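Visitor: This is the structure alone, sequence omitted:
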């Protein structure tokens, strides 16, 4: 994942100056907090989080549907293996 360097905030600075993290989110839509010089946490505004949560629920539903279909299509083989 490519991260714009304008979003980066070191952990020590985030701890000492969280308002900078909030300002970065307000201006850029996100802030990436570095821990040991590696991206570790992403802070986004709540509307963005809400959109991410909805997308994750939709993805889970698609996976669940695919699993159900595979089980239904292979029930005979699965029952044979269960013996």
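Guide: Received, thanks. Keep in mind that what you see is a predicted model, and the values were worked out from it rather than measured.
Visitor: any idea how far residue 42 lies from residue 33?
Guide: Distance, residue 42 to residue 33, by CB to CB, to the nearest Å: 8 Å. From N, CA and C alone the C-beta is placed, and that goes for glycine too.
Visitor: Break the protein into its domains for me.
Guide: Annotated domains of the chain cover 1-44, 45-83 [automatic domain parsing].
Visitor: Could you export those as CSV, including mean neighbour count and mean pLDDT?
Guide: Formatted as CSV, these follow (neighbours: other CB atoms under 10 Å; pLDDT from 0 to 100):
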stretch, mean neighbour count, mean pLDDT
domain 1-44, 13, 91
domain 45-83, 10, 93
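Visitor: who's in contact with residue 41?
Guide: For residue 41, the contacting residues are 32-33, 35, by CB atoms under 8 Å, 6 or more residues apart in numbering.
Visitor: so residue 39 makes contact with residue 11?
Guide: No. Counting by CB atoms under 8 Å, residue 39 does not reach residue 11; the two are 10.9 Å apart.
Visitor: what's the overlap in contacts for the two?
Guide: In contact with both residue 39 and residue 11: residue 33, using CB under 8 Å, 6+ apart.
Visitor: Centre of the chain to the helix or strand where residue 70 lies, how far?
Guide: Residue 70 is located in helix 46-73, with elements delineated by DSSP states H and E. Chain-centre distance of helix 46-73: 13 Å, with CA atoms, centre = their mean, to the nearest Å.
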